[in-house]
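**Q** this is a predicted model, with the sequence first.
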Amino acid sequence: MSKLTFIDQNNLPEPRKGQPLPERLLEGDPRFLSWDIAKTEDGQVSCGLWEATPGVYRSIKGKVFEFCYILSGVSELSEEGGETRRIGAGDSFVMHPGFEGVWKVIETTRKIWVERR
């Protein structure tokens, strides 16, 4: 088994479909697609792609540490009690365990994510 995984956006596995939990939905009808690309044997670290259509919802990370790199689209991300940041293609950031905030997807947004549970 190879110890190298490439992410080919033109050849992705079947995505998982989702949407915000009803109690987290703030506006619109955003829908999610998630492509799982790789994970460690113990499942503690994983990576993939995620895409969301326009809408607004609460994001709660719990114990998850997540690195994100935006591939396309435009969103706004605000941490509870913090400033709102506009994010788009080329932006990267980390959501630390305990993060709570709001995602406002303005244009369908796609990101690469790496998370540790």
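**A** Happy to help now that I have it. In this text, all values refer to a predicted model and were calculated from it rather than measured experimentally. Numbering: from 1, shown residues only.

**Q** going by C-alpha atoms from here, please, whenever you check contacts or count neighbours.
**A** Will do.

**Q** can you map out the strands along this protein?
**A** Listed in chain order, the strands of the chain (DSSP state E) span residues 16-18, 25-28, 32-39, 45-52, 55-60, 65-79, 84-88, 92-95, 100-116.

**Q** S2: which of these is closest?
**A** S2 sits nearest to strand 32-39 of all those, at 11.6 Å, using CA to CA.

**Q** what's in contact with that closest one?
**A** Counting contacts by CA atoms under 8 Å, 6 or more residues apart in numbering, the residues outside strand 32-39 that touch it are 5, 7, 12-19, 45-53.

**Q** list the buried residues for it?
**A** Burial within strand 32-39, assessed by neighbour count using 16 or more other CA atoms under 10 Å, is assigned to 32-38.

**Q** and if you look at stretch 49-68?
**A** 49-60, 64-68.

**Q** show me the contacts for the nearest residue to I87 once chain neighbours are set aside.
**A** Setting aside the residues directly before and after it, I87 is nearest to S75 in space (CA to CA, 6 or more residues apart in numbering), at 5.4 Å. By CA under 8 Å, 6+ apart, the contact set of S75 is 86-88, 103-107, 109.

**Q** just give me the residue closest to the centre of the protein.
**A** For the chain, W50 is the residue whose C-alpha lies nearest the centre (CA atoms, centre = their mean; 5.2 Å).

**Q** just checking, it touches T108?
**A** No. Applying CA atoms under 8 Å, one finds W50 not in contact with T108, separated by 10.5 Å.

**Q** so, low pLDDT: which residues of the chain?
**A** Within the chain, the set of residues satisfying pLDDT under 70 is empty.

**Q** let's see 90
**A** 1-3 (pLDDT under 90).
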